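K.L.:
Kindly return the folded structure for what I paste below:
(chains A and B)
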2 protein chains.
Amino acid sequence: MPNQTAAMLVIGDEILSGRTRDSNMHHLAMALTDHGLSLTEARVVADDHAAIVAGVNALRGAYDHVFTSGGIGPTHDDITAEAIAAAFGVPITQRADAMALLGAHYERQGVPFNEARQRMARIPDGAVLIDNPVSIAPGFSLGNVHVMAGVPRIFEAMLAGVLSGIAHGKPLLSRSLRMLRGEGEIATAFSAFAALYPDLSMGSYPFNTNGAFGTNLVIRGTDAARLDTALAALQAHLA
Amino acid sequence: MPNQTAAMLVIGDEILSGRTRDSNMHHLAMALTDHGLSLTEARVVADDHAAIVAGVNALRGAYDHVFTSGGIGPTHDDITAEAIAAAFGVPITQRADAMALLGAHYERQGVPFNEARQRMARIPDGAVLIDNPVSIAPGFSLGNVHVMAGVPRIFEAMLAGVLSGIAHGKPLLSRSLRMLRGEGEIATAFSAFAALYPDLSMGSYPFNTNGAFGTNLVIRGTDAARLDTALAALQAHLA
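P.N.:
Numbers count the residues shown, from 1 in each chain, chains lettered A, B, ... in the order given. Got it, this is the predicted structure:
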């Protein structure tokens, strides 16, 4: 059975303006590769209702899972939950389960559970809450869309919870061969080699560090023994 | 006149697998903000012909400029140039101008201009070459799509050349107020404040560093004096 596919939707003006460098996409990519889900596409959109709705609807129809980050806090620019509800065409309300979680949290902290904080209990009908062990305000899963916070520590904690509920696929493994030879020198031989292993994915990644040019050749697949065999053959092929 | 809009298409399996953390998107976001172009959407797709064609066609129809990174090297997995030609429905050939550039470069280096290296002279009909001062193999602009290398040093050098040919818009400026108060504590006051400045964009970005929670409040606009006025008023408003 092929691995399930996944996509990411990063939501946030601050990423597109360059103010913040996103780290959640890279974290998700590594986590899904380990878990055996294939991250196939990622998009970044602004804090814009129509853009979020269009993005989520395009991705949830095309992939098995969609993971979103950002826009679920208490301020006026946090519009993700409303947009997800609109994308699914379902109502959104301050749900009793989320209100109870947040109310107890702020009571323990001796902090008022004010109107802004109550906004974080707005959850689309039919969604399942995602646990937030860092700061309590929950994310949620609606259908195949998992809606998480943008703050990296919280995103990562929520993702761990979501993935614990998704069956493992075969982790995508890789083997790398780093060469101090330019891509153009080895490309023909590498292409011919790749054609001998149609079951594996092979990529060539040039680097340029302190004026030195070189190439990382990467072989990917799900069978460790097969990868080791191919790596040894590649070393011999290019020797 | 509003600023022109832009989108990015990052092409590369290595980003989606988590092997490589993309840095070109963040660099582009900062460079476009400085140049006065509005980066409105970004997508990451795999080294897959259909995915590149679909991505480029969706973005070039929706935005004034599209910037791509990755997939223009000499190896079998470098399929971006062919996909861009297919997206525009134009032929692609080894063009004389690109052949001359590359031929002279490899002759100077005393390195054979082999078949793999000649692949890097494949340029869609009607495209204008983008200068590569780092390693010569050119990018190209076709219509409103600017096709650049994935290696960050080369991407950044190519982008500088492309931007020198695009008229400056008004740079998007920002002012930030960092507070050691949670978003939920200031959200209502901040939302009310933002409503007083409909010409400015205001965002709230929580952080969580070593267990301390706080919020960066960011005001964005193109008029420096107006931003300074708003920042002073915000400080008074939240004092």
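K.L.:
Please spell out the segments of chain A that come in under the pLDDT threshold.
P.N.:
A:1 (pLDDT under 70).
K.L.:
domain parsing for it?
P.N.:
Following automatic domain parsing, one finds the domains of chain A at A:5-164, A:173-238.
K.L.:
can you tell if the shortest one touches chain B?
P.N.:
In this case it means domain A:173-238. Yes - interface with chain B: domain A:173-238 contributes A:174, A:182-185, A:187-188, A:190-191, A:194-195, A:201-208, A:213, A:218, A:220 (Cβ under 8 Å from any Cβ of the partner chain). Any C-beta I mention is one placed from the backbone N, CA and C, and that applies to glycine too.
K.L.:
Select only the buried ones of those in ChimeraX?
P.N.:
Here is the ChimeraX command that selects the buried residues among the residues of domain A:173-238 next to chain B (16 or more other Cβ atoms under 10 Å in any protein chain shown):
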select /A:174,182,183,184,185,187,188,190,191,194,201,202,203,204,205,206,207,208,213,218,220
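K.L.:
helix/strand/coil for the residue nearest the centre of chain A?
P.N.:
Nearest to the geometric centre of chain A sits A:L28, at 3.5 Å (Cα atoms, centre = their mean). Of the three states, A:L28 takes helix under DSSP: H, G, I helix; E, B strand; the rest coil.
K.L.:
That one against A:E41, yeah?
P.N.:
No - with contact defined as Cβ atoms under 8 Å, A:L28 does not reach A:E41; the gap is 12.0 Å.
K.L.:
list the buried ones in stretch A:105-124?
P.N.:
A:105-106, A:113, A:116-124.
K.L.:
List just the nearest of these to A:Y63.
P.N.:
A:P124 (19.4 Å; Cβ to Cβ).
K.L.:
Roughly how far does that closest one sit from B:H49?
P.N.:
Distance of A:P124 to B:H49, computed by Cβ to Cβ, to the nearest Å: 36 Å.
K.L.:
go on, A:E107?
P.N.:
A:E107 is 56 Å from B:H49, where distance means Cβ to Cβ.
K.L.:
For the nearest residue to A:R95 once chain neighbours are set aside, list the residues it contacts.
P.N.:
In this structure, A:R95 finds its nearest non-sequential neighbour in A:I123, 4.4 Å apart by Cβ to Cβ, 6 or more residues apart in numbering or on different chains. By Cβ atoms under 8 Å, 6 or more residues apart in numbering or on different chains, A:I123 lies in contact with A:81, A:92-95, A:97-98, A:129, A:138, A:140.
K.L.:
Might one say that A:R220 is in contact with A:G203?
P.N.:
Yes - between A:R220 and A:G203 there is a contact under Cβ under 8 Å: 7.4 Å.
K.L.:
Now the common contact residues for these two.
P.N.:
The overlap between the contact sets of A:R220 and A:G203 (Cβ under 8 Å, 6+ apart) consists of B:D13.
K.L.:
and the contacts of A:I123 as TSV, adding neighbour count and secondary structure?
P.N.:
Shown next, in TSV, are those (neighbours: other Cβ atoms under 10 Å in any protein chain shown; DSSP: H, G, I helix; E, B strand; the rest coil):
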residue	neighbour count	secondary structure
A:A81	22	helix
A:I92	17	strand
A:T93	13	strand
A:Q94	13	strand
A:R95	18	coil
A:D97	12	helix
A:A98	21	helix
A:L129	16	strand
A:P138	25	coil
A:F140	22	strand
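K.L.:
What is the nearest of the residues you listed to A:A7?
P.N.:
Among the contacts of A:I123, and counting by Cβ to Cβ, the member closest to A:A7 is A:F140, at 17.5 Å.
K.L.:
What residues does the closest one make contact with?
P.N.:
For A:F140, the contact set (Cβ under 8 Å, 6+ apart) comprises A:81, A:123-124, A:127-130, A:146-147.
K.L.:
Which stretches in chain A count as strands?
P.N.:
For chain A, strands defined by DSSP state E occupy the ranges A:5-11, A:38-45, A:65-69, A:92-94, A:122-124, A:128-130, A:139-142, A:145-148, A:173-179, A:201-209, A:212-221.
K.L.:
need the ones you listed in CSV with distance to B:L163, can you?
P.N.:
Below are those laid out as CSV (distance: least, Cβ to Cβ, whole Å):
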stretch, distance to B:L163
strand A:5-11, 24
strand A:38-45, 20
strand A:65-69, 29
strand A:92-94, 41
strand A:122-124, 41
strand A:128-130, 41
strand A:139-142, 38
strand A:145-148, 34
strand A:173-179, 33
strand A:201-209, 21
strand A:212-221, 25
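K.L.:
Out of those, which gets nearest to B:G12?
P.N.:
Per Cβ to Cβ, nearest to B:G12 of these: strand A:201-209, 8.2 Å.
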